[in-house]
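Engineer: test case, fold it:
(one chain, ligands or ions: 1)
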Amino acid sequence: MDMVNSDAVAFSIALVFIAAVITKVAWGRKTGDLAPSCNNALPRSPAVITGITSAILLLRMLRSKGLRATLEEQYTKFGSVFTISFFGMKITFLVGPEVSAHFYQGLQSEISHGKILEFTVPMFGKGVTNAVDSATRTEQIRFYVDALRPSKVRCHVAPMLQEVEEYFAKWGQQGTVDLKQELVQLLILISARCLLGKEVREKMFDEVFSAFDELTDNGLQLTSLLFPYAPTPTAQRRDRAHARIASIFTEIVRSRKSSNRVEEDVLQNLMDAKYKDGRPTTETEVTGLIISILFAAKHTSTTASTWIGARLLRHTECLDAALEEQQDIVKKHGDNIHYNTLLEMSFLHNCIKEALRMHPPIPISLRKVHKNFTVQTREGYEYEIPRGHTIASPLLINHNIPHIYKDPDVYDPHRFSHGREEDRVGGKFTYNSFGGGRHACPGEAYAYMQVKVIWSYLLRNFELKLVSSFPETDWLMIAPEPRGKVEVSYKRRMVPRNVLEN
Ligand code: HEM
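Structural biologist: Purely as a prediction, here's the structure:
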């Protein structure tokens, strides 16, 4: 395998846009015909943005206006298909549902993650996800989908709620907290319990999570992204952390098997999973799959929960409506939170969905093109995307297209309610916070459930106010999160049911 991973370089260039960490890259000369063609029958090449002058302009724009405004400006200038080309790498942006279908559902042989995620191989280990052939990968995705399908997620409601109750029992009668930090702590506890299992939650919590932090901190350093196999000190720390986690999970798997102990966590589902030919997963595969799922779940869930909180508390009319929904449900079903009551929280669901529209934890998804394909824009122009391009689906632009989302900068959970359903206006790829198609997030049901358990509990039990100003986005984080502290004041409510019955 090449020490210098060219796709990882492409990925890192994309990260540059996201993080704005590399300076002196540029915006420039564009080629390609931007005017509508007289002959719509012939596919055209996307407009290409290239050159050092352009790169410098782009970087300036990124600094002054941010990622979303920078990409939106290119979308306004060039339309829904355009290419950014630097150092021989070409990233073609496909903006909006009309041009996104192939991105999400093209055959693996024609379009895939390629080596974009090569840096995850030393993090997750050999034998899983990006280290295996596409047939094996497809089967492993099935293991995730199966482990996280709604009927299984249902079993996690009670343990999630127990973690939530125990966590907030530590809060006083009133006070002020940094909501972001509180949710980071709580979500780790929930992940430990529901994903990794009670051995980790009860005995090895600190050990596993300090190794996991070491793994991700070092695995996501620029050198590890660009040169995943180079023997740098960062890579060595990453590999030591991986070995530590692998030995912990190998021991847990062996101990469960030898004592015939069966748990209800995601780890158990991965242990019990079987390939089509009947082969069970190996210890190495189980370890890789569980690290990978924790990686996919951790930052996305924390970021999402914090944005949801910040949005709800900022828009008091939504907060009041969400509280009213909780009160109605308590009147109907009593104070306990169950799977079925969570399903009834449709307004809270839409509040979550709307926060994720405005703040998608994965703001841009990437793929590699293995076979030329064409897309047709809303205006009817056809573009041919050549083999070798990296393609990008910029959720943060897709979710703000004004002909789809009315007043996209307004937080309006009602846009998803019956009668409006703006997330369906452009077909099935209109709303992509959880991706779509072949690599759609298998954790969507789990993620909604987790956030609903937390927020229904908070709404029922506390009066909350956002004390700090509404946060800006920190684009330097892997999942862009609210920058700085999100200070929230809380005051315990009286026993909710009594209050509600008065
Ligand atoms: C609000 C929280 C979450 C958001 C917004 C989110 C979003 C996404 C997105 C957009 C993708 C697809 C990326 C792509 O197309 O390349 C994805 C993939 C994935 N997510 Fe999530 N996710 C969340 C939570 C979770 C949770 C809680 C889990 C597991 C418990 C999870 C497990 C996964 C896995 C395993 C994949 C990879 C699927 C594949 O490669 O086919 N996610 N997620």
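Engineer: contacts for the host helix or strand of residue 90 next, please.
Structural biologist: Using DSSP states H and E, residue 90 maps to strand 89-94. Contacts with strand 89-94, where a contact means Cβ atoms under 8 Å, 6 or more residues apart in numbering, come from 6, 9-10, 13-14, 46, 48, 71, 74-75, 80-85, 100, 103, 366, 375, 385, 388-394, 397. (Each C-beta comes from the backbone N, C-alpha and C, glycine too.)
Engineer: now with 6 Å?
Structural biologist: Applying Cβ atoms under 6 Å, 6 or more residues apart in numbering, the external contacts of strand 89-94 come out as 10, 13, 46, 82-84, 100, 103, 385, 389-394.
Engineer: secondary structure class of residue 428, three-state.
Structural biologist: The assignment at residue 428 comes out as coil when based on DSSP: H, G, I helix; E, B strand; the rest coil.
Engineer: equivalent analysis for residue 401, please.
Structural biologist: Here residue 401 is recorded as coil under three-state DSSP.
Engineer: how many residues are close by it?
Structural biologist: Per other Cβ atoms under 10 Å, the neighbour tally for residue 401 reads 20.
Engineer: for it, phi and psi?
Structural biologist: phi -80, psi 120 (degrees, to the nearest 10).
Engineer: skipping its backbone neighbours, what lies nearest it in space?
Structural biologist: residue 96 (5.6 Å; Cβ to Cβ, 6 or more residues apart in numbering).
Engineer: how close does that neighbour sit to residue 395?
Structural biologist: Taking Cβ to Cβ, to the nearest Å as the criterion, residue 96 is separated from residue 395 by 11 Å.
Engineer: what of residue 434?
Structural biologist: Look at residue 434 and residue 395: by Cβ to Cβ, they are 10 Å apart.
Engineer: one more: residue 109?
Structural biologist: Taken as Cβ to Cβ, the span from residue 109 to residue 395 is 25 Å.
Engineer: ok, the two, which is more surrounded?
Structural biologist: Set side by side, residue 109 and residue 395 show unequal neighbour counts under other Cβ under 10 Å, the larger going to residue 395 at 22 against 9.
Engineer: identify the residues contacting the more buried one.
Structural biologist: Listed by Cβ under 6 Å, 6+ apart, the contact partners of residue 395 are 360, 363, 432.
Engineer: quick one on the thing from earlier: filter the contacts of strand 89-94 down to the ones close to the ligand.
Structural biologist: Here nothing survives when the contacts of strand 89-94 are matched to the ligand using Cβ under 6 Å from any ligand atom.
Engineer: got a pLDDT number for the closest residue to residue 467 other than its chain neighbours?
Structural biologist: Nearest residue to residue 467, sequence neighbours excluded (Cβ to Cβ, 6+ apart): residue 487, at 4.2 Å. With respect to pLDDT, residue 487 scores 98.
Engineer: go on, residue 320?
Structural biologist: The predicted local confidence for residue 320 is 97.
Engineer: show me where the stretch 1-150 of the chain has its strands.
Structural biologist: For the stretch 1-150 of the chain, applying DSSP state E, counting those that start in this stretch gives strands covering 29-31, 47-50, 81-86, 89-94, 111-112.
Engineer: from the chain's centroid, how far away is the fourth one?
Structural biologist: In this case it means strand 89-94. Taking Cα atoms, centre = their mean, to the nearest Å, the mean C-alpha location of strand 89-94 is offset from the chain mean by 21 Å.
Engineer: strand partners (parallel or antiparallel) of it?
Structural biologist: Partner strands for strand 89-94, per DSSP bridges, with pairing direction: strand 81-86 (antiparallel), strand 390-394 (parallel).
Engineer: so who does the residue of the chain found nearest the ligand touch?
Structural biologist: Proximity to the ligand, evaluated over the chain using Cβ to the nearest ligand atom, is greatest for residue 443 at 2.2 Å. Under the criterion of Cβ under 6 Å, 6+ apart, the contact partners of residue 443 comprise 148, 297.
Engineer: find the least confident helix or strand in the protein, judged by mean pLDDT.
Structural biologist: Least confident helix or strand of the chain, by mean pLDDT, DSSP states H and E, is strand 29-31 with a mean of 36.
Engineer: C-terminal to the helix or strand that residue 217 is a member of, what's the next element?
Structural biologist: In this structure, residue 217 is located in helix 205-219 according to DSSP H and E. Past helix 205-219, further along toward the C-terminus, the next helix or strand under DSSP H and E is helix 222-226.
Engineer: helices of the stretch 401-502 of the chain, residue ranges please.
Structural biologist: With DSSP state H, counting those that start in this stretch applied, the stretch 401-502 of the chain shows helices at 444-461, 496-501, listed in chain order.
Engineer: winner for burial among those?
Structural biologist: The highest mean neighbour count among those belongs to helix 444-461 (a mean of 22), with neighbours defined as mean count of other Cβ atoms under 10 Å.
Engineer: count of residues packed around residue 369?
Structural biologist: Applying other Cβ under 10 Å, we find 22 residues neighbouring residue 369.
Engineer: with adjacent residues omitted, what lies nearest to it?
Structural biologist: Ranked by Cβ to Cβ, 6+ apart and with sequence neighbours excluded, the top spatial neighbour of residue 369 is residue 389, at 4.8 Å.
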